[in-house]
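Enquirer: Next come a sequence and a model predicted from it.
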Amino acid sequence: MSGGRLIAGIGAGDSQSRAENEAYGLEFGTLIDRVTSLHDAVRAASGNGYPVWVGGHVAQVREIVAVADGWNFVGHRPRALRPRE
């Protein structure tokens, strides 16, 4: 349908998306709830013939990045992508 132009961008949400979720009647949930849902969604979407990108930078989001095809790390400098010790 998209002719190979589809990228699934999946994130856990943050304080800026709370109002949008609630406006559509979607529960915002705790960080743990949202990150668990993110992990489930990335695993379910991966391997279906389209790239899956993860958005976010908290440690719990970083854990699922290895399963995804890309990482949307908006607002940070490239040096922030270096592994932390």
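Expert: Good, I have the coordinates. Residues are numbered from 1 along each chain as shown.

Enquirer: Please make it C-alpha for all contacts and neighbour counts, starting now.
Expert: Will do.

Enquirer: what's near enough to touch the closest residue to Ala45 other than its chain neighbours?
Expert: Setting aside the residues directly before and after it, Ala45 is nearest to Val52 in space (C-alpha to C-alpha, 6 or more residues apart in numbering), at 6.8 Å. Val52 makes contact with 7-10, 42, 45-46, 68-70 under the criterion C-alpha atoms under 8 Å, 6 or more residues apart in numbering.

Enquirer: mind checking how far Val52 is from Asp40?
Expert: As for Val52, its distance to Asp40 is 13 Å (criterion: C-alpha to C-alpha, to the nearest Å).

Enquirer: what does Ala59 give?
Expert: The gap separating Ala59 from Asp40 is 16 Å, by C-alpha to C-alpha.

Enquirer: Report the buried residues of the longest helix along the chain.
Expert: Of all the elements of type helix in the chain, the one with the most residues (DSSP state H) is helix 31-45. For helix 31-45, the neighbour count (16 or more other C-alpha atoms under 10 Å) marks 34-35, 37-39, 42, 45 as buried.

Enquirer: Now do that helix, average pLDDT.
Expert: For helix 31-45, mean pLDDT rounds to 93.

Enquirer: now do stretch 16-27
Expert: 90.

Enquirer: Of all residues in this protein, which one is nearest the centre?
Expert: Residue closest to the average C-alpha location in the chain (C-alpha atoms, centre = their mean): Gly11, at 2.6 Å.

Enquirer: OK, contacts around the closest residue to that one other than its chain neighbours?
Expert: In this structure, Gly11 finds its nearest non-sequential neighbour in Gly55, 4.7 Å apart by C-alpha to C-alpha, 6+ apart. Listed by C-alpha under 8 Å, 6+ apart, the contact partners of Gly55 are 9-12, 61, 71-74.

Enquirer: Thank you, goodbye.
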